[in-house]
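> Take a look and give me a structure for this.
(one chain, ligands or ions: 1)
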Amino acid sequence: MIKALAPFGVDADQQMIREAAASFLDEACPSSAVRAAMSSSSGVDEVLWRRISGEMGWCATKVPEGYGGLGLGWVELALILEQMGRRLACVPFFSTVVLAATALIEIGNREACARWLRSIAAGEITATLAFGERGIDWDERQVTARAESTGDGYRVDGSFRHVPEGCAARLLLLPARLSNGDLALFSIDALASGVRREEHVGFDVTRRVAAVELRGVQLAPDALLSRGPAVHEAMERTAALGAICLGAEQLGSAQKCLDLVLDFAAERIQFGRSISTYQAIKHRCAEMMLRIEATKSAVAGATRLADTCPDLLTLKLEAACAKAFASETLRFCAGEAIQLHGGVGFTWDYDPHLYFKRAQASSQWLGAPAVLRERVAAALFDSAMDTAPSAQPPAGEEDREFRGEVRRWMAHHLTGRFEVLRHRGGAGDEDAFPALRKEWELELAQGGWTCVGWPKQYGGRGLTVAQQIIFHEEYARAGGPGHLSHLSETLLGPTLIAYGTDEQKRRFLPGIVAGTDYWCQGYSEPGAGSDLANVQTRARQDPDSGDWVLHGQKVWTSLAHECQFIFVIARCEPGSKLHKGLIFLLVELNQPGVEVRPIRQITGTCEFNEVFFDGARCPAANVVGAPGDGWKIAMALLGFERGLSWIGMQQHFEHQLQLVCKAARECGADRNPALRERVGRAWMGLKVMHYNTLRTLSGVADGSLSREAYTVKHYWSNWHRDLGELAMDVLGVEGDIRIDDFSRTRLQQVWLFSRSDTIVAGTNEIQLNIIAERALGMPKEPRPDR
Ligand SMILES: Cc1cc2nc3c(=O)[nH]c(=O)nc-3n(C[C@H](O)[C@H](O)[C@H](O)COP(=O)(O)OP(=O)(O)OC[C@H]3O[C@@H](n4cnc5c(N)ncnc54)[C@H](O)[C@@H]3O)c2cc1C
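Below you'll find the model as predicted:
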């Protein structure tokens with residue numbers, strides 16, 4: 001069992017905030033209330049707004065305590081916004097609490113904060129912020145309003161076409177240029193003379209937008225909140241933080257779309273059964289969940305990073321990632337919600353269209369996805385940024401020292417004859433330098449760096465989850481080669497620790513720790529791939545010796561030609577079917593009755609094999625669990641493949657993305673807008689993968705699979721496949737030519753080998769089945785042979 005990594009999860013207080021928000025809005029903001037507000041003249045659900053700002057005190061969430069607020073973080077605010085997005089709450093919360101309050105805090109004018117933030121926190125005033133003439137994101141070129149000093153204040157003229165909740169707001173925060181060209185931010189009473197506001201007739205009537213005109217508006221000197229470069233920086237930060245919050249809101253809306261579909265699909269009968277039993281429907285729901293979980297990770301990472309006050313570039317890129325994911329997820333889920341409801345999905349009376357319209361409108365605010373991806377590409381190519389720091393679980397002094405220790409060890413040992421192994425042997429390169437990589441495993445073992453997460457009593461290092469993350473990060477960052485011992489260390493070892501006999505532990509664990517014994521996995525057979533329960537390899541017990549005697553064939557057995565042992569599931573009860581009557585055996589490969597035949601792959605190399613058993617023997621002492629328990633043990637073993645090893649894999653992926661960027665720079669593809677956008681997408685995807693893993697590690701305290709954990713394999717394998725295609729498109733016609741340059745051949749390998757990522761360890765289609773049935777609780781299709 002993996003210990004939970006608490007810091008990246010939602011803590012008990014945050015959980016309470018989320019649940020309180022959800023149950024309050026369930027009661028206070030049903031669809032009927034949204035529809036009533038939509039058709040009201042103000043577009044605001046006044047009763048709900050009074051309750052939110054009064055009874056619930058949500059407007060105070062992020063306001064510092066010194067100004068009468070609760071001083072909570074972005075994580076807490078995002079949890080509330082997520083719930084508001086689920087309900088499409090028609091209240092000026094986003095404009096007041098996210099945009100206006102954040103701008104005031106970022107500007108930091110004490111008098112203005114004392115005056116306005118207190119009122120916002122107390123729910124006494126509504127407010128909004130405009131970005132520029134036509135701007136819906138911060139771009140100082142859009143600031144065309146003019147402010148002239150009049151001796152006793154300012155006179156402001158200008159127009160702002162897109163002001164969120166511009167008619168509902170009492171306080172307007174508006175940027176303008178002073179006569180010397182300086183930027184300035186003003187606070188303006190919306191009812192002041194010379195202010196004209198006109199609401200647009202939009203499609204998304206759950207959040208109204210107004211045009212605001214200022215004609216000769218006279219302002220007192222204290223209306224000037226700030227001027228000069230500080231305004232630019234404050235507006236940039238506000239826009240980035242606003243984008244993260246909007247992403248949180250979109251996430252909630254997307255989740256609601258999925259819930260609407262699941263409820264509807266469970267009820268709707270066609271062709272004599274619930275449509276939720278059809279795989280086409282299940283897969284589409286699973287796709288929605290995949291995107292929702294990815295978005296949840298992006299928002300979780302961004303809000304955590306925002307709470308640590310990062311530098312502006314880091315914040316902007318984090319926000320770009322969260323907002324781009326959220327916009328596309330909501331658009332996808334809302335579109336699917338219409339489609340999967342059939343005809344009623346196209347009616348006004350059903351809710352999907354409300355989310356569809358919100359999706360479109362909000363996708364344009366604070367950065368459309370393509371714009372945000374270009375922002376990342378610009379940072380990667382134009383500022384030569386390699387990677388931006390990601391949110392991490394908080395690290396103590398001990399962890400920092402540990403990081404240094406791993407770093408130093410790798411620097412001293414991955415040198416000399418091992419130098420050639422740097423970045424080798426990862427996904428798609430498994431068969432590189434096998435002999436030297438085995439020597440490297442011995443080197444690691446001598447340093448105490450094998451089986452680092454195993455308990456000390458079994459020869460492991462007993463590292464905490466946080467330290468294991470650090471180890472895998474630093475190992476891969478240094479270019480540490482892929483482990484030939486991966487299956488032994490991460491799958492078989494933990495299985496033996498959990499289910500093996502004392503004798504099995506004594507016999508088999510030390511060889512894994514010492515880096516001398518290698519294991520391969522004998523699960524798949526010609527007739528048992530996705531349908532693994534159909535294994536036909538027979539195991540019969542010899543009545544004289546008690547040995548189990550094997551007959552049959554395994555296939556696709558990775559690295560069997562490099563291993564001394566194989567763990568096998570076989571059928572031990574004649575006539576048994578499916579999951580029953582199976583046995584889990586620990587078998588030596590080097591014995592009569594075993595033949596290993598390599599299979600050539602599309603890469604031209606042979607990483608996997610056929611393994612034939614014709615009378616091979618396995619002592620009775622090498623049965624894990626009882627005969628008949630094979631399925632239980634086999635599945636438990638797969639359950640160990642979660643989390644920690646992915647961290648190192650991601651570091652390899654990061655290196656591959658760096659190679660793609662390098663190739664793009666060299667061949668000029670970094671100037672191709674379509675490729676730049678795909679690079680931006682890949683970078684964001686990698687960041688989300690990292691957060692997916694941290695969330696997964698945060699959620700497995702009781703050993704059961706958390707919802708997000710179901711999505712991880714599908715996510716990384718498809719990301720990697722896309723990276724392979726991107727790499728080849730970047731290389732262009734040169735990509736088809738083999739030359740002796742590892743930075744290029746590595747990309748070609750990624751392209752070819754990543755085709756196996758979406759097949760191995762559960763194909764894409766099987767992953768979608770699992771997500772639909774286990775994570776979403778949709779019905780299983782009955783098996784004819786059951
Ligand atoms: C590089 C590589 C290494 C591997 N290493 C190992 C190893 O070390 N040990 C080991 O035991 N196995 C290994 N495998 C095998 C791997 O786990 C199987 O290939 C995988 O489970 C799919 O089984 P299959 O190949 O029989 O395909 P099939 O199950 O025949 O699938 C064929 C197609 O049908 C689809 N399909 C099947 N069932 C369903 C369904 N119910 N609903 C919808 N679609 C369905 C699949 O998604 C796929 O697209 C490896 C495979 C690869 C590619």
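
> Just the CA atoms of stretch 347-362, as PDB, please.
Backbone C-alpha positions of stretch 347-362 (Å, rounded to 0.1, in the frame of the first residue of the first chain) are rendered in PDB as follows:
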ATOM      1  CA  THR A 347     -34.400  21.900 -26.300                       C
ATOM      2  CA  TRP A 348     -34.500  25.000 -24.300                       C
ATOM      3  CA  ASP A 349     -36.000  23.200 -21.300                       C
ATOM      4  CA  TYR A 350     -33.000  20.900 -20.700                       C
ATOM      5  CA  ASP A 351     -29.900  22.400 -19.200                       C
ATOM      6  CA  PRO A 352     -27.000  21.300 -21.500                       C
ATOM      7  CA  HIS A 353     -27.400  24.400 -23.700                       C
ATOM      8  CA  LEU A 354     -26.800  26.700 -20.700                       C
ATOM      9  CA  TYR A 355     -23.400  25.100 -20.200                       C
ATOM     10  CA  PHE A 356     -22.700  25.100 -23.900                       C
ATOM     11  CA  LYS A 357     -23.200  28.800 -24.100                       C
ATOM     12  CA  ARG A 358     -21.200  29.500 -20.900                       C
ATOM     13  CA  ALA A 359     -18.500  27.300 -22.300                       C
ATOM     14  CA  GLN A 360     -18.200  29.400 -25.500                       C
ATOM     15  CA  ALA A 361     -18.300  32.800 -23.700                       C
ATOM     16  CA  SER A 362     -15.900  31.800 -20.900                       C
END
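
> which stretches of the stretch 601-750 of the chain form helices?
630-639, 644-667, 673-698, 709-731, 742-757 (DSSP state H, counting those that start in this stretch).

> out of those helices, nearest to the ligand?
Proximity to the ligand (Cβ to the nearest ligand atom) singles out helix 742-757 among the helices of the stretch 601-750 of the chain, at 3.6 Å. Placement of C-beta: from N, CA and C, glycine included.

> Just the buried residues of the closest one, please?
744, 746-757 (16 or more other Cβ atoms under 10 Å).

> Helix or strand: which one has Ile583?
Element membership for Ile583 (DSSP states H and E) is strand 582-588.

> what comes into contact with that strand?
With Cβ atoms under 8 Å, 6 or more residues apart in numbering as the test, strand 582-588 has contacts from 504, 508, 522, 533, 535, 539, 548, 550, 564-572, 576, 594, 616, 618, 622-625, 627-631, 633-634, 637.

> Generate the PyMOL command that creates a selection of the buried members of these.
Those of the contacts of strand 582-588 that count as buried under 16+ other Cβ under 10 Å are selected in PyMOL with:
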select buried, resi 504+508+522+533+535+539+548+550+565+566+567+568+569+570+571+572+594+616+618+622+623+624+625+627+629+630+631+633+634+637
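
> Out of the contacts of strand 582-588, list just those in strands.
522, 539, 548, 550, 565-571, 594, 616, 618, 623-625, 627-628 (DSSP state E).

> and the ligand, which of the buried residues of helix 742-757 contact it?
Restricting those to those near the ligand by Cβ under 6 Å from any ligand atom leaves Ser756.

> returning to what we had before: columns mean pLDDT and distance to Pro494 on top of the helices of the stretch 601-750 of the chain, output as TSV?
What follows is those, written out as TSV (pLDDT from 0 to 100; distance: least, Cβ to Cβ, whole Å):
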stretch	mean pLDDT	distance to Pro494
helix 630-639	93	8
helix 644-667	87	11
helix 673-698	92	15
helix 709-731	95	16
helix 742-757	91	23
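
> Using CSV, lay out those together with distance to Glu133.
Output for those, formatted as CSV (distance: least, Cβ to Cβ, whole Å):
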stretch, distance to Glu133
helix 630-639, 56
helix 644-667, 35
helix 673-698, 26
helix 709-731, 37
helix 742-757, 44
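
> closest to Lys580 out of these?
For Lys580, the closest of these is helix 630-639, at 7.5 Å, according to Cβ to Cβ.

> where's Ser297, which helix or strand?
helix 279-307.

> cool, and Ala466?
helix 465-477.

> does the next helix or strand after that helix come close to the ligand?
Beyond helix 465-477 in the direction of the C-terminus, DSSP H and E gives the next helix or strand as helix 486. No. Figure legend: helix 486 not in contact with the ligand (Cβ under 6 Å from any ligand atom); closest approach 10.3 Å.

> following helix 486, which helix or strand comes up?
helix 493-499.

> OK, contacts around the single nearest residue of the chain relative to the ligand?
Closest approach between the chain and the ligand, counting by Cβ to the nearest ligand atom: Gly529, at 1.6 Å. By Cβ under 8 Å, 6+ apart, the residues touching Gly529 are Trp556.

> got the phi/psi numbers for it?
phi -110, psi -100 (degrees, to the nearest 10).

> now do Asp157
Torsion angles, degrees, to the nearest 10, at Asp157: phi -130, psi 140.

> Quick one, grab the pLDDT at the residue nearest to Ile338 when sequence neighbours are not counted.
Excluding its sequence neighbours, the residue lying closest to Ile338 (Cβ to Cβ, 6 or more residues apart in numbering) is Gly345, at 4.1 Å. Looking at Gly345, its pLDDT is 98.

> Check which element follows the helix ranked longest in the chain along the chain.
In the chain, assigned by DSSP state H, the helix with the most residues is helix 229-267. For helix 229-267, the succeeding helix or strand toward the C-terminus, using DSSP H and E, is strand 269-270.

> Contacts for that next one, please.
Strand 269-270 has contacts (Cβ under 8 Å, 6+ apart) with Ile275.

> The nearest residue to Asp351 once chain neighbours are set aside: neighbour count?
Using Cβ to Cβ, 6+ apart and skipping residues adjacent in sequence, the residue nearest Asp351 is Ser31, 5.5 Å away. By other Cβ atoms under 10 Å, 14 other residues sit near Ser31.

> wait, doesn't Ser31 sit right on Pro352?
No. If you go by Cβ atoms under 8 Å, Ser31 and Pro352 don't touch, sitting 11.2 Å apart.

> hey, what's in contact with both of those two?
Joint contacts of Ser31 and Pro352 (Cβ under 8 Å, 6+ apart) do not exist.

> Which elements pack onto the helix holding Ser297?
On a contact count with 3 or more Cβ pairs under 8 Å, 6 or more residues apart in numbering; DSSP states H and E, helix 279-307 meets helix 74-87, helix 229-267, helix 312-340, helix 673-698, helix 709-731, helix 764-770.

> and if we set it to 6 Å?
Here helix 279-307 touches helix 74-87, helix 229-267, helix 312-340, helix 673-698, helix 709-731, going by 3 or more Cβ pairs under 6 Å, 6 or more residues apart in numbering; DSSP states H and E.

> Next, count neighbours for Gly404.
By other Cβ under 10 Å, neighbour count at Gly404 equals 12.

> how about the helix or strand that contains it: buried residues?
Using DSSP H and E, Gly404 sits in helix 397-413. Buried residues in helix 397-413, counting neighbours by 16+ other Cβ under 10 Å, are found at Asp399, Phe402, Arg403, Val406, Arg407, Trp409, Met410, His413.

> Output these as TSV; include the columns pLDDT and distance to the ligand.
Formatted as TSV, the buried residues of helix 397-413 follow (pLDDT from 0 to 100; distance: Cβ to the nearest ligand atom, whole Å):
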residue	pLDDT	distance to the ligand
Asp399	86	34
Phe402	95	32
Arg403	94	32
Val406	96	29
Arg407	96	32
Trp409	98	30
Met410	97	28
His413	97	29
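
> picking up where we left off before, what angle separates the longest helix of the chain from helix 279-307?
150 degrees (axes from the mean of the first three to the mean of the last three Cα atoms, to 10 degrees).
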